[in-house]
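Peer 1: I'll drop the sequence and a predicted model, then ask my questions.
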Amino acid sequence: MRRTSRPAPHRRLGAAVAALLAASALAAFHAAPTATAATAAGVGATLPFTSFEGEAGALGGGATAVSLTSAPTSQYSSAAVEASGHAYAQLTGTGQSVQWTNTTGAPISAINLRESIPDSATGGGTTATLDLYVDGVFRQALNLNSKQSWFYENSSNYNGSDQNPADGNPREFFDESHTFISGAPIAPGSTLMLKKDAANTAAFYYIDVLDAENPPPPIAQPANSISITDCGAVADNTPTNGSADSAAVDSTAAIQNCINQAQSQGRTLWIPAGTFYLKGTQGLTAQGITIAGAGIWYSTIYRDIPLPNSTPLAALFDLTSDTVQDFHLDSDATSRETVDGGGGAMDTSGTNWVANDIWSQHTESGFWASGTGGTVENCRLTAVWADGINLNNVSLGNSVGNNLTATNNFVRGTGDDGMAINSVNYNTDSSGNKTYYTPMSHITMTHNTVIAPWGGKGIGIYGGSNQDVEDNYIADTARYIGLGAGRFGVNGSDLLTATVNGNTIVRSGGNGYSQGQPALQIGNGGDGQNVGVVDHVTATNNTVLDALYDGIGFSTSTNTLLQNNTVTSPWRNGIVIAPPFYPAPTGSASITGNTVTGLGSGMSPYLNNSSGFTATTSGNSWQGTVTPEGPYGGTPAAVPGTVQAENYDSGGQGVAYNVSSVNGTGNSYRTDGVDLETTTDTGGGYDLGWTSGGQWFRYTVNVATAGSYTVSLRLAAPNAVTDALHLSDASGTNLTGNVNVPATGGWQNWTTVTAQVTLPAGQQVLTLNEDNGGWNANSLQFAATSGTGSTNLAAGKPTAESSHTDVYPSSNVTDGNQSSYWESTNNVFPQWVQVDLGSAQSAARVVLQLPASWGARDETLSLLGSTDGSNFTTVVPSATYTFTPSANNTVTITFPATAQRYWRVNITANTGWPAGQISELQVWNQ
């Protein structure tokens with residue numbers, strides 16, 4: 001379905017399109033609310049517009065709502081299966097209308113409409129108007145077209161771009177168009193109505209969704225910039241309505257000339273308000289500059305390709321290590337095919353590139369991007385022919401794709417995957433020669449909203465390692481999987497590790513190729529052609545609602561952890577190993593703590609259709625009464641006091657503990673003594689052994705007094721283990737920082753390792769997290785730390801730095817704001833930032849933070865101290881620390897208490913950006 005090679009800050013008015021989190025009835029989907037509200041639990045993107053679903057509006061004059069009421073039995077499409085919400089309002093007769101009330105709390109001055117009007121009898125589309133009323137008074141006629149929609153297919157041309165109506169079943173019904181509201185903005189509480197009047201001549205209008213917003217004024221030209229009009233570019237502001245203006249001036253050469261000047265002069269390239277045409281098959285090439293526009297509602301680069309086209313198209317922009325922001329891209333292409341003018345919007349590579357607030361439409365792809373350290377953020381991709389955002393390791397001839405991030409983007413109506421992590425192992429040329437690529441790693445996709453892809457998945461994870469896909473909202477796939485973790489094609493990279501956490505997947509799956517595909521799928525089937533390795537996928541805390549077929553499916557994959565996910569009201573089964581067309585002859589998974597509800601008659605919450613796939617299940621809703629978590633023996637351990645490692649909570653796998661295998665010999669002590677053995681440590685009893693990365697054990701304790709405590713851990717290890725463990729609270733906050741275990745010479749040779757924690761008073765649950773295995777634990781002794789309480793000594797204190805860039809000075813690290821940060825000069829290490837406490841004060845813990853919204857990265861750093869500001873000693877030697885969104889991008893470093901006036905963080909490497917970065921530097925006395 002996807003290509004593996006190809007020729008060469010927002011206002012926040014509420015989250016859009018992501019509010020259908022309540023389960024619907026089995027027989028039919030509930031209608032979307034009139035105006036969508038903020039997404040539950042921070043899932044999906046925060047957007048500057050509010051979406052009004054057509055089917056949820058007030059229907060007048062005989063207008064009707066059309067909804068998908070059962071799982072598709074055909075592999076072909078329908079307007080309902082391609083619609084947002086799998087439903088739309090239908091206006092077919094004069095006087096029919098759909099109306100909404102402005103509930104945004106702000107004026108509406110611009111709208112974007114996703115709708116469908118008929119094709120012409122021979123293909124090629126039609127044009128028509130539809131009237132907009134405000135508070136019942138006619139305001140303006142909206143210009144609509146179907147020139148960039150309507151494909152046709154049958155068994156001989158399935159899934160193609162055929163535009164001949166005589167060839168059969170239609171698909172790609174909807175297009176999107178946007179406009180400013182004429183006259184005064186629509187006030188809060190006022191109504192807006194779309195009505196088919198006598199002058200509106202289309203036979204039907206399918207109203208899917210209307211996005212409403214109040215865009216800010218155009219951005220002024222920045223300092224030290226060169227405008228493309230200074231180089232001869234000429235705007236043509238005649239509305240395109242699906243077709244180019246033949247009288248428009250070709251500005252390709254002028255813009256490229258301006259790019260060249262900006263590169264040589266170190267200036268920003270400015271795209272002022274207006275629509276500027278690129279005519280022909282050539283694109284624009286830029287390297288190492290900033291390209292900025294007046295805003296996505298004002299500045300447009302429009303590609304006009306003479307059709308039919310026979311020349312492979314470059315993207316509108318080929319970008320290497322650039323920053324692009326605040327403009328719109330569009331095209332008159334009629335499909336993703338070369339003959340129809342299909343070419344990408346932005347092909348990107350290089351290092352530390354940024355795309356911010358870009359809106360792409362009617363291009364082959366939105367972002368086809370590789371390189372190291374790049375970010376796509378706050379962008380819109382609507383009505384794109386192929387992938388919306390494809391992060392890969394092949395764009396522009398690059399062979400790597402590492403530490404790339406896509407966050408807070410909105411994607412709707414793509415002809416292929418909404419978003420994809422696309423790790424290619426090799427490509428083969430026409431002579432059979434293979435070019436190999438480096439497998440991708442550390443790709444982050446968080447807080448994105450993906451709606452209604454009509455020709456691909458919502459989000460596809462295809463190969464690589466350490467991929468992180470969290471807190472995304474995916475809804476209304478037409479044919480395929482909502483979220484898939486696997487590999488792509490026989491030439492794709494194996495998927496070796498991935499985290500899939502906290503995503504919401506609604507009304508997804510589909511009947512592409514008559515396969516009845518699941519909403520969430522893990523394994524090498526389908527796109528992977530049932531070959532290759534998919535290993536160590538951790539899928540936790542995901543919500544799957546109203547799946548069109550099975551909620552969650554497994555094909556061949558190993559060491560999967562499926563934990564604490566919720567599947568509600570699937571139209572087939574809940575969780576299935578080896579569903580139809582997704583074989584799993586071998587594999588392994590731990591399936592624990594999952595909940596499946598709302599099943600139809602004859603459907604199953606869990607099925608394993610493979611005799612060769614080993615699944616360990618525990619604590620799931622279909623396994624009867626789940627033993628609730630509670631303190632072992634019924635009484636919480638007292639703090640201060642000693643917590644015995646063998647006395648982890650009751651409740652079983654996935655509730656009180658998580659283990660990948662059962663190895664213990666201590667079942668005479670407790671029947672679930674999964675990793676217990678007799679110990680020779682002082683006091684006897686049992687220790688906790690067989691440690692392994694990813695395992696954890698929970699302990700309910702009762703803390704007598706809030707404050708700082710020293711934890712003395714009795715540990716044994718034949719060899720030293722770096723970052724062996726940490727303690728966390730019920731919210732997952734790392735309380736101790738990463739704790740190293742020294743070599744003791746044997747499994748029963750014991751030593752004491754200390755760490756500091758700050759605990760509130762009362763009953764609470766602490767988790768002993770096994771980050772890396774190779775050690776045993778016998779007990780945890782909590783002792784109150786002397787003093788008057790735990791204090792951040794650095795709060796508000798003066799700072800210094802080795803350097804800083806732009807508006808990111810060192811003073812940000814003590815301002816108490818995690819969103820502000822210090823950043824050093826790029827591409828020069830080492831770099832440092834420090835705080836002056838004013839006098840030498842004793843501290844035992846330093847907490848470092850990065851902005852909570854940033855993607856994961858590693859920083860290599862050491863902690864230094866000084867009493868005079870000139871002579872520094874090493875308090876904590878250099879080590880690599882991982883900042884991850886799941887841990888609030890917070891790292892805690894503990895050490896024996898020492899008195900210093902100046903505390904310095906010295907940074908020598910950063911995988912996320914070629915500079916030192918810290919948002920908060922906290923120095924704690926306990």
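Peer 2: Nice, I can see it. Just so it is clear, the model here is predicted, and its values are computed rather than measured. Numbering: from 1, shown residues only.
Peer 1: in what helix or strand does Asp330 lie?
Peer 2: Following DSSP states H and E, one finds Asp330 within strand 323-331.
Peer 1: any weak-confidence spans in the stretch 551-700 of the chain?
Peer 2: In the predicted model, the stretch 551-700 of the chain carries pLDDT under 70 at residues 625-627, 661-662, 667, 671-673.
Peer 1: so which helix or strand of the chain has the lowest pLDDT on average?
Peer 2: Counting by mean pLDDT, DSSP states H and E, the chain has its least confident helix or strand at strand 657-658, which shows a mean of 86.
Peer 1: tell me what it is packed against?
Peer 2: Contacts of strand 657-658 with other secondary structure elements, assessed using 3 or more Cβ pairs under 8 Å, 6 or more residues apart in numbering; DSSP states H and E, are made with strand 695-703. (Glycine included, C-beta is placed from N, CA and C.)
Peer 1: counting by contacts, list what the strand it packs on packs against.
Peer 2: Counting contacts by 3+ Cβ pairs under 8 Å, 6+ apart, strand 695-703 packs against strand 637-639, strand 657-658, strand 762-770.
Peer 1: can you pull out the strands in the stretch 1-150 of the chain?
Peer 2: 50-53, 58-60, 64-67, 87-91, 97-101, 110-116, 127-134, 137-145 (DSSP state E, counting those that start in this stretch).
Peer 1: make JSON lines out of these and add mean neighbour count and distance to Ser878.
Peer 2: Formatted as JSON lines, those follow (neighbours: other Cβ atoms under 10 Å; distance: least, Cβ to Cβ, whole Å):
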{"stretch": "strand 50-53", "mean neighbour count": "28", "distance to Ser878": "49"}
{"stretch": "strand 58-60", "mean neighbour count": "16", "distance to Ser878": "64"}
{"stretch": "strand 64-67", "mean neighbour count": "16", "distance to Ser878": "60"}
{"stretch": "strand 87-91", "mean neighbour count": "27", "distance to Ser878": "57"}
{"stretch": "strand 97-101", "mean neighbour count": "22", "distance to Ser878": "58"}
{"stretch": "strand 110-116", "mean neighbour count": "23", "distance to Ser878": "51"}
{"stretch": "strand 127-134", "mean neighbour count": "19", "distance to Ser878": "63"}
{"stretch": "strand 137-145", "mean neighbour count": "16", "distance to Ser878": "61"}
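Peer 1: how about TSV for these, with distance to Ala235 and mean pLDDT added?
Peer 2: As requested, the strands of the stretch 1-150 of the chain are exported to TSV (distance: least, Cβ to Cβ, whole Å; pLDDT from 0 to 100):
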stretch	distance to Ala235	mean pLDDT
strand 50-53	30	97
strand 58-60	39	97
strand 64-67	40	97
strand 87-91	35	98
strand 97-101	33	98
strand 110-116	19	98
strand 127-134	23	98
strand 137-145	19	98
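Peer 1: nearest to Asn214 among those strands would be which one?
Peer 2: The minimum distance between Asn214 and the strands of the stretch 1-150 of the chain falls on strand 110-116, with 7.1 Å, by Cβ to Cβ.
Peer 1: list the buried residues in the longest helix seen in the chain.
Peer 2: The residue-count maximum for a helix in the chain (DSSP state H) belongs to helix 252-265. By 16 or more other Cβ atoms under 10 Å, the buried positions in helix 252-265 come out as Thr252, Ala254, Ile255, Gln256, Asn257, Cys258, Ile259, Ala262, Gln263.
Peer 1: stretch 810-827 now?
Peer 2: By 16+ other Cβ under 10 Å, the buried positions in stretch 810-827 come out as Ser810, Ser811, Asn812, Val813, Thr814, Gln818, Ser820, Tyr821, Trp822, Glu823, Ser824.
Peer 1: if we can go back for a sec, C-terminal to the strand holding Asp330, what's the next element?
Peer 2: Next along the chain after strand 323-331, taking DSSP H and E as the criterion, comes strand 346-349.
Peer 1: describe which strands that following strand pairs with in its sheet and in which direction.
Peer 2: Strand 346-349 pairs in its sheet with strand 317-320 (parallel), strand 367-369 (parallel), by DSSP bridges.
Peer 1: pLDDT weak spots in this structure?
Peer 2: Residues of the chain that meet the criterion pLDDT under 70 lie in 1-41, 528, 625-627, 661-662, 667, 671-673, 786-790, 886, 926.
Peer 1: can you pull out the helices in it?
Peer 2: Assignment of helices within the chain using DSSP H yields the ranges 79-82, 252-265.
Peer 1: so which of the ones you listed comes closest to Thr617?
Peer 2: helix 79-82 (32.9 Å).
Peer 1: packing partners of that closest one?
Peer 2: Checked by 3+ Cβ pairs under 8 Å, 6+ apart, helix 79-82 has strand 64-67, strand 87-91 packed alongside it.
Peer 1: so in that sheet, which strands flank the longest one, and in what orientation?
Peer 2: Partner strands and pairing direction for strand 87-91 (DSSP bridges) are strand 64-67 (antiparallel), strand 205-213 (antiparallel).
Peer 1: Throw these into JSON lines and include distance to Gly651, thanks.
Peer 2: Converted to JSON lines, the strands paired with strand 87-91 look like this (distance: least, Cβ to Cβ, whole Å):
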{"stretch": "strand 64-67", "distance to Gly651": "42"}
{"stretch": "strand 205-213", "distance to Gly651": "44"}
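Peer 1: strands of the stretch 551-700 of the chain, residue ranges please.
Peer 2: Listed in chain order, the strands found in the stretch 551-700 of the chain under DSSP E, counting those that start in this stretch are 552-554, 557-563, 566-568, 575-577, 587-592, 595-597, 606-608, 613-618, 637-639, 641-644, 657-658, 676-678, 686-688, 695-703.
Peer 1: contacting residues for the closest residue to Gly57 other than its chain neighbours?
Peer 2: Among residues not flanking Gly57 along the chain, Val98 sits closest, at 4.0 Å (Cβ to Cβ, 6 or more residues apart in numbering). If you count contacts by Cβ atoms under 8 Å, 6 or more residues apart in numbering, Val98 has them with Gly54, Gly57, Ala58, Leu59, Gly60, Ala63, Ala89, Leu91, Met193, Leu194, Ile207.
Peer 1: the fifth one bridge partners, please.
Peer 2: With DSSP bridges as the criterion, Gly60 is bridged to Ser97.
Peer 1: quick one, longest strand in the chain?
Peer 2: Scanning the chain for the longest strand, with DSSP state E as the assignment, gives strand 890-910.
Peer 1: can I get it in CSV, CA atoms only?
Peer 2: The C-alpha trace of strand 890-910 is given here as CSV (Å, rounded to 0.1, in the frame of the first residue of the first chain):
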residue,chain,number,x,y,z
THR,A,890,12.4,13.9,34.1
VAL,A,891,15.7,12.4,35.3
THR,A,892,16.7,12.1,39.0
ILE,A,893,20.3,11.8,40.0
THR,A,894,21.1,10.8,43.6
PHE,A,895,24.4,10.8,45.4
PRO,A,896,25.9,10.9,48.9
ALA,A,897,25.1,14.3,50.4
THR,A,898,27.8,17.0,49.7
ALA,A,899,27.9,20.7,50.4
GLN,A,900,28.5,22.9,47.3
ARG,A,901,27.6,26.5,46.4
TYR,A,902,27.7,26.1,42.6
TRP,A,903,26.1,23.1,40.9
ARG,A,904,27.0,22.5,37.2
VAL,A,905,25.6,20.1,34.7
ASN,A,906,28.2,19.4,32.0
ILE,A,907,26.8,17.9,28.8
THR,A,908,28.8,16.1,26.1
ALA,A,909,26.1,14.5,23.9
ASN,A,910,22.4,14.8,23.1
